[in-house]
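> attaching a predicted model along with its sequence, questions to come.
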Amino acid sequence: MQGFDPALFEQIEFLLLAGIVLVLAYLALEHKEIVYAAFFFGFMASFVAGFFLLLEAPFIAGMQIAVYTGGISTLIIFAVLLLPRAQDSTLEKFATPRARQISLVIAVVVTVMTGFLAVLFPWAESFNEAFVSISQDLNGLAQWLWFENGIYVQMIALIMITSLVGAISLLRMDKAEQLGAITGEFGVEAKPVLIDDLQSAEDGQSVPEPKEVDE
Amino acid sequence: MVPLSWYLVLAFMLIGLGGYGMMVKRNLIRILIGAEIMGNGVMIAIVAIALFNPAFSFTGQGLIILVISVAAAHTALAMVLMLMYNRRYGSVDLGTSVEMEGQ
Amino acid sequence: MQTSRLFLDFIPVIIWALLAMALVIIMLLASWVLRPHVLQNSEKTSTYECGEEPVGPARISYPYNYFVYTVLFVVIDVMGAFLWLLSSSTLLWANATKYEVVWQVVVFILIVMGGVGFVMKMIPRSFLDGKETLDVYRRAKAEREKEQYPTGGH
């Protein structure tokens, strides 16, 4: 295999991957069923990881598969599972044709302008010509991240726990309005509350009668 | 080697696709998928520039590691907000909250 | 090329992925070709519910308990990715770097685990037991049945 011209190989592989990624991205946005769209997004994330391999970044490729395909794509599929009205594709309304045309024009204009920027700007002269192989150098990357920029890693940790605590407290807060008493580590924490003025947008379902949960 | 402009063109096409998805769609989940596609496009652009500029190599890849983790955290929160929207309005269509404003 | 490129090692992976996609498409196409093509009417394609008439959509809304674990998983997954980078390098062994890096690692793990521990305290005990889930599910089911069979049902 090494007898082949690697430059040609690279171009073929680039075009193949680019075609697959663009097709999958289009399908992820446009498919009528939303479960399919969520799954196509996960599939596309794996092929973008293939792109990172072309770009000599094996650790980023691994992290992309672990976090995007394994985490975010799962989150989206889970959320679709929890929303029964979203799964019914007959209920989904699409944008008016006029809005769609205007947005398409704007997106195409932005893409073409930035495409010109990519092609006409003399990128080759602004960069050094030498090709440094960094793909095997995880030590250098770990040094950059943990040794020189460790403070940003702590900031990321704080961001993550903020979003985690925020998400869980949002999920729990609404539950307190509808169900029985919530008991936690410290005894009964929230009494049930009957909502009288809830909008009838919930299809006329009556709020269930709460009862004490013995714990 | 594949020239840098090819990678950038692909990245900008992904950004354009993501932007189109966020502007046109009415289903909240599709809007979120559009945002994630845009994020992927930006990541490809940054890693491509990191490859072609040796001084930026580690900075680029390290930056992308941080960006991926922030994207994961904020997607989780966005999902929870979507569930709250569903509780309040009964559907994940953007039209339900916009139409009700006039009343 | 001064050194061999990384993606040359991974060409078998993309060949495998393309073959897998081709295999799935070929199997679906083959079954479409071999299938008897008869007209479908609405009676044939309706859902089968052991002889009863199906009423209402087949999707139910699960309680939100399980979503909590997915969000937790994402946060811990990101922490795992950071620690993976650390463990695949010699940063914690080399004398030049280990005294500063180990503090970063300890603080990072403490922050994330502190957040996770706080969340586990916040989740009520009945969440983790599963009793509340069962409660919510039963109540939602009873409500749906009450709606669809106003005269008493079966």
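Nice, I can see it.

> where are the low-confidence patches of chain A?
A:1-4, A:84-95, A:123-136, A:173-215 (pLDDT under 70).

> enumerate the residues of chain B near chain C.
Within reach of chain C by Cβ under 8 Å from any Cβ of the partner chain, chain B has these residues: B:65, B:68-69, B:72-73, B:75-76, B:79-80, B:83. C-beta coordinates here come from the backbone N, C-alpha and C atoms, glycine included.

> now, those that are in strands?
If you go by DSSP state E, those have nothing in strands.

> which of the residues you listed tops the neighbour count?
B:Ala76 (27 neighbours; other Cβ atoms under 10 Å in any protein chain shown).

> check contacts around that one.
A:75, A:163-164, A:167, C:70-71, C:74-75 (Cβ atoms under 8 Å, 6 or more residues apart in numbering or on different chains).

> also A:Val21?
A:44, A:47-48, A:51, B:10, B:14.

> same thing but 7 Å
By Cβ atoms under 7 Å, 6 or more residues apart in numbering or on different chains, the contact set of A:Val21 is A:44, A:47-48.

> one more: A:Phe14?
A:54, B:2, B:6.

> ok, those residues vs C:Leu8, which is closest?
Within the contacts of A:Phe14, the smallest distance to C:Leu8 is 10.3 Å, found for A:Leu54 (Cβ to Cβ).

> how is chain A carved up into domains?
A:6-148, A:149-215 (automatic domain parsing).

> ok and the residue in chain C nearest chain A?
C:Gly115 (2.8 Å; Cβ to the nearest Cβ).

> now B:Met82, nearest residue through space, not along the chain?
Of all residues not flanking B:Met82 in the chain, B:Leu28 sits nearest, at 5.1 Å (Cβ to Cβ, 6 or more residues apart in numbering or on different chains).

> any idea which of the contacts of A:Val21 has the most stuff around it?
The most crowded member of the contacts of A:Val21, judged by other Cβ under 10 Å, is A:Met44 (27 neighbours).

> who are the packing partners of the strand or helix carrying A:Phe52?
Using DSSP states H and E, A:Phe52 maps to helix A:34-54. Other elements packing on helix A:34-54 under the criterion 3 or more Cβ pairs under 7 Å, 6 or more residues apart in numbering or on different chains; DSSP states H and E are helix A:6-30, helix A:58-63, helix A:73-82, helix A:84-87, helix B:28-52.

> okay, now the unreliable bits of chain C?
Applying pLDDT under 70 to chain C picks out residues C:1-4, C:47-49, C:51-63, C:124-133, C:147-154.

> can you pull up the most central residue in it?
Centrality entry for chain C: nearest residue to the mean C-alpha point is C:Thr70, 7.1 Å, by Cα atoms, centre = their mean.

> in three-state terms, label it for me.
helix (DSSP: H, G, I helix; E, B strand; the rest coil).

> for it, which non-adjacent residue is closest in space?
Using Cβ to Cβ, 6+ apart, the nearest residue to C:Thr70 is A:Phe78, at 5.1 Å.

> wait, isn't that neighbour in contact with C:Asn65?
No. Taking Cβ atoms under 7 Å as the definition, A:Phe78 is not a contact partner of C:Asn65, at 11.7 Å.

> ok so, going back, list of residues touching whichever strand or helix holds the residue of chain C closest to chain A?
C:Gly115 belongs to helix C:98-122 when assigned by DSSP H and E. With Cβ under 7 Å, 6+ apart as the test, helix C:98-122 has contacts from A:146-147, A:150, A:153-154, A:157-158, A:160-161, A:164-165, A:168-169, A:172, A:185, C:72, C:75-76, C:79, C:82, C:86, C:91-92.
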